[in-house]
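In: With the input below, show me the fold.
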Amino acid sequence: MGHPERDADLLREVSPLFHAERIRAPLLIGQGANDPRVRRQESLQIVEALRRLGREVEYVEYPDEGHGFFRPENRLDFYRRAEKFLARYLGGRTDQV
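Out: Sure thing, here's the model as predicted:
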């Protein structure tokens, strides 16, 4: 990925956080609170940046997950949320489960 100090310019250039104004489509973010790869704070930073810009963003966090949703109840919950999210923004139907 890069060294935070030596590659600061490159990291800033490729980070979505520093280009949030270019995000136009609604965004759904699912986060495992114990994710070792994508820190919770990083997800919250992009959510806050998009909300400041008045963009549509939905954030859901699972306190008992890491990177990926392995617990069946969390996976099903996120799938339901994604289905509703996509139906809302792309049209179409959704099953009310």
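In: From Val47, how far off is the residue nearest in space to the middle of the chain?
Out: For the chain, the residue nearest the mean C-alpha position is Ile29 (2.4 Å; C-alpha atoms, centre = their mean). Ile29 is 6 Å from Val47, where distance means C-beta to C-beta, to the nearest Å. C-beta: built from backbone N, CA, C; applies to glycine.
In: which residues are common contacts for the two?
Out: 57, 59 (C-beta atoms under 8 Å, 6 or more residues apart in numbering).
In: circling back to that earlier point, just the element for the closest residue to the residue nearest to the centre of the chain other than its chain neighbours, please.
Out: Distances taken as C-beta to C-beta, 6 or more residues apart in numbering place Tyr59 nearest to Ile29, at 4.9 Å, with adjacent residues excluded. If you go by DSSP states H and E, Tyr59 is part of strand 57-62.
In: Which strands border that strand, and is each parallel or antiparallel?
Out: Here strand 57-62 is paired, per DSSP bridges, with strand 27-32 (parallel).
In: ok, Leu27 - how many residues close by?
Out: By other C-beta atoms under 10 Å, the residues close to Leu27 number 18.
In: so how many other residues sit close to Arg22?
Out: 7.
In: now swap in Leu50 and tell me
Out: Leu50, neighbours per other C-beta under 10 Å, totals 21.
In: One more: Ala25?
Out: If we define neighbours as other C-beta under 10 Å, then Ala25 has 8 of them.
In: I figured the residue nearest to Ile29 hits Val47, correct?
Out: Yes: Tyr59 lies in contact with Val47 (C-beta atoms under 8 Å); the separation is 4.8 Å.
In: Find the residues that touch each one of those two.
Out: Ile29.
In: List the contacts of the closest residue to Ile46 other than its chain neighbours.
Out: Nearest residue to Ile46 in three dimensions, chain neighbours excluded: Leu17, at 5.4 Å (C-beta to C-beta, 6+ apart). With contact taken as C-beta under 8 Å, 6+ apart, Leu17 is in contact with 42, 45-46, 49.
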